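Chemist: Provided below for reference: sequence and predicted model.
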Amino acid sequence: MTTIKIGIVGAGSAGLFAANELGKAGVETVDISIFEQGPKIENRHCPIKEEELACALCDPCRIMSGVGGAGCFSSGILNLNKNIGGNLGELCENANLNADKIIQQIDEFFVQNGAPNKIFDPLEKEKKEKLKELRRRCASVDIRFVPVKQRLLGSQKTADIIRSIQKFLESNYSIEIIPNTKVTTFDEQGNLYFDGEKKENFDYLLIAPGRWGMIWLAEQCDKLDIKTFYEPLDIGVRVEVPAIIMEQVCHIQRDPKFHIITHTYDDFVRTFCVNHKGYVVKETYSEKIAGVNGHQLTTEGKSENSNFAFLIRQQLTSPLEDTTEYGRSIAKQTSILGGYKPLIQTLGDLRRGHRSRKSLIERNPVQPTLKDATPGDIAMAYPYRFVKDIIEGLEILDKVIPGVNNNSTLIYAPEFKRSAKRIDTNSFLESKKIKNLFFAGDGAGMSRGIIGAAVTGIIAAHGIINKIKNEQS
Ligand SMILES: Cc1cc2nc3c(=O)[nH]c(=O)nc-3n(C[C@H](O)[C@H](O)[C@H](O)COP(=O)(O)OP(=O)(O)OC[C@H]3O[C@@H](n4cnc5c(N)ncnc54)[C@H](O)[C@@H]3O)c2cc1C
């Protein structure tokens, strides 16, 4: 029997879980190579100590690239819900798979590899009354609260878990992870090309380059005439408040999800990536863009503050559908104003139309956990509509979390989730145009998060397994 060769691009959540599913399928004649442009986990160094957090996400650490992908040095909040992180229910249903079961399998695999054995479940019995009260408060001000079961890996643990997954895959299956190897292009015949004109042929390809590789992937699709679609942009700010303000809601749900429709523009605004007792961190992209994100070191958290992303979802229509470029231009403008650092402003100043100054931030009751940000005026960089959405959204949220709308609340910008272009695929995420070419994860516009990316990797793996089995029978 000839050996079937599978090439995977990207060793993030999508690539690793796809490889695990392919390995588990037990097709004896399969060889899997995962090409990863970043290093293996043991060579990814991003020493996340509290005092070093300000630089924890800078380029030299290559935070988004390497085995484990972008999730490797993240807080590692696993959202165990098919409605979070992409249309996972629909994607699985289309492939005749059970989303709940797959998410459970992914979660179990994380636990087998060392994830803390603690679930945060808002629906558990002891929280029933508190949850009911929270829902009542939300309903009374038109906020939708989305209960989600979550597991928190914690930034300090996530790399160890990835190390264990890497070891498991390489020692149990015919899987080779090839680090520091950038795939420069791929073609219709199943070839992957590398720097220096080297190429290798595969029977099946799975391309999962994450957000780091999303622009590259969109360009490759253009070259191969594979259709892609723009996804909505998620842009907003990171909000930082004293942890005590968030204590009650975070007790019910570790990463509480509140969905709000703003009054003036009817825009959809949501809380995302809540880091209770966590830290705001800088995220540096190429093109001199400095954004912000949030981190949580351990399940318990150590910081006196909590932070969350407050994101507006914006879809654009013809003639300017390019949400990627629109988001990039706002982020770039914000970075320029901050001297290539994120902007920080108190909510009071943003509301009053004042620029925040260093002296004011120094005596602000809430002290920033990210020191490397420039006090400024976010309204100089963000469109009026988004500033209005942020101010109105926080006013509404304050009715459920009293204190978030205080003048002393800190606002950082830009916080944006680059939206990848979604690739036109069949229900098993195989290109409709080129056979045996599969796509998965955030970079292909199919997911937004560790669990979502893993689910799409597994769907693609099922597509490949089905094809192999059909060909063998
Ligand atoms: C700071 C931060 C915090 C986050 N926190 C959370 C969280 O708490 N919970 C959550 O669910 N999600 C979180 N996320 C998002 C999560 O990490 C991603 O959704 C997830 O990692 C996407 O998985 P992926 O496999 O699609 O892509 P990635 O994890 O990005 O992996 C893609 C990999 O492909 C490699 N690659 C790209 N192009 C090429 C190429 N041409 N050749 C070879 N290799 C290539 C990249 O180096 C990368 O390692 C966070 C992200 C960041 C940046």
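Modeler: Happy to help now that I have it.
Chemist: which regions of the stretch 201-350 of the chain sit below the pLDDT cut-off?
Modeler: Residues of the stretch 201-350 of the chain meeting the criterion pLDDT under 70: 286, 297-301.
Chemist: And the residue of it that's closest to the ligand?
Modeler: residue 210 (2.0 Å; CB to the nearest ligand atom). From N, CA and C alone the C-beta is placed, and that goes for glycine too.
Chemist: How many residues are close by that residue?
Modeler: Residues near residue 210, counting by other CB atoms under 10 Å, number 27.
Chemist: for the one 4 residues further on, same thing?
Modeler: Residue crowding around residue 214 was assessed by other CB under 10 Å; the count is 20.
Chemist: which secondary structure element contains the residue lying closest to it once chain neighbours are set aside?
Modeler: Spatial nearest neighbour of residue 214, chain neighbours left out: residue 420 (3.7 Å); criterion: CB to CB, 6 or more residues apart in numbering. Residue 420 belongs to no helix or strand when assigned by DSSP states H and E.
Chemist: hang on, the earlier thing: now for the residue of the stretch 201-350 of the chain closest to the ligand: which residues touch it?
Modeler: 10, 12, 14, 64, 69, 70, 441, 442, 443, 453 (CB atoms under 8 Å, 6 or more residues apart in numbering).
Chemist: so of those, which ones are in helices?
Modeler: 14, 453 (DSSP state H).
Chemist: Helices of the stretch 51-200 of the chain, start to end?
Modeler: 88-94, 99-112, 128-140, 155-172 (DSSP state H, counting those that start in this stretch).
Chemist: can you give me phi and psi for residue 384?
Modeler: phi -50, psi -40 (degrees, to the nearest 10).
Chemist: tally of neighbours for it?
Modeler: 10.
Chemist: before we move on, the earlier item: can you say which of the helices of the stretch 51-200 of the chain is nearest to the ligand?
Modeler: Comparing the helices of the stretch 51-200 of the chain by CB to the nearest ligand atom, helix 155-172 comes nearest, at 8.6 Å.
Chemist: ok now that closest one, how far from the chain's centre?
Modeler: With CA atoms, centre = their mean, to the nearest Å as the basis, helix 155-172 stands 19 Å off its chain's centre.
Chemist: next one: stretch 387-406
Modeler: Chain-centre distance of stretch 387-406: 24 Å, with CA atoms, centre = their mean.
Chemist: what mean pLDDT does it have?
Modeler: Per-region confidence: stretch 387-406 scores 98 on mean pLDDT.
Chemist: Using CSV, write out the CA atom coordinates for that stretch.
Modeler: C-alpha atoms of stretch 387-406 as CSV (Å, rounded to 0.1, in the frame of the first residue of the first chain):
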residue,chain,number,x,y,z
VAL,A,387,-16.5,56.5,20.1
LYS,A,388,-20.3,57.1,20.6
ASP,A,389,-20.8,53.3,20.6
ILE,A,390,-18.2,52.8,23.3
ILE,A,391,-19.5,55.6,25.5
GLU,A,392,-23.2,54.5,25.1
GLY,A,393,-22.3,50.8,25.5
LEU,A,394,-20.5,51.4,28.8
GLU,A,395,-23.4,53.5,30.1
ILE,A,396,-25.7,50.5,29.5
LEU,A,397,-23.2,48.0,30.9
ASP,A,398,-22.9,50.0,34.0
LYS,A,399,-26.5,49.1,34.9
VAL,A,400,-25.4,45.5,35.2
ILE,A,401,-21.8,46.1,36.4
PRO,A,402,-21.9,49.3,38.4
GLY,A,403,-18.6,51.1,38.2
VAL,A,404,-17.6,50.3,34.7
ASN,A,405,-18.8,53.7,33.6
ASN,A,406,-16.8,55.7,36.2
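Chemist: how near is the residue in the stretch 51-200 of the chain that the ligand sits nearest to to residue 41?
Modeler: Using CB to the nearest ligand atom, the single residue of the stretch 51-200 of the chain nearest to the ligand is residue 69, 2.0 Å away. Separation of residue 69 from residue 41 (CB to CB, to the nearest Å): 11 Å.
Chemist: And the two? Which one has more around it.
Modeler: Higher neighbour count among residue 69 and residue 41: residue 69, with 31 against 23, using other CB under 10 Å.
Chemist: follow-up on the earlier one: can you tell me which one of the contacts of residue 210 sits lowest on pLDDT?
Modeler: When these are sorted by pLDDT, the bottom entry is residue 64 at 75.
Chemist: ok, it - how many residues close by?
Modeler: Residue 64 has 21 nearby residues by other CB under 10 Å.
Chemist: same check, this time on the one 4 residues further on
Modeler: Burial measure for residue 68: 27 neighbouring residues, criterion other CB under 10 Å.
Chemist: now it, nearest residue through space, not along the chain?
Modeler: Nearest non-adjacent residue to residue 68 (CB to CB, 6+ apart): residue 162, at 3.6 Å.
Chemist: okay, now that neighbour: neighbour count?
Modeler: Count around residue 162 with other CB under 10 Å applied: 29.
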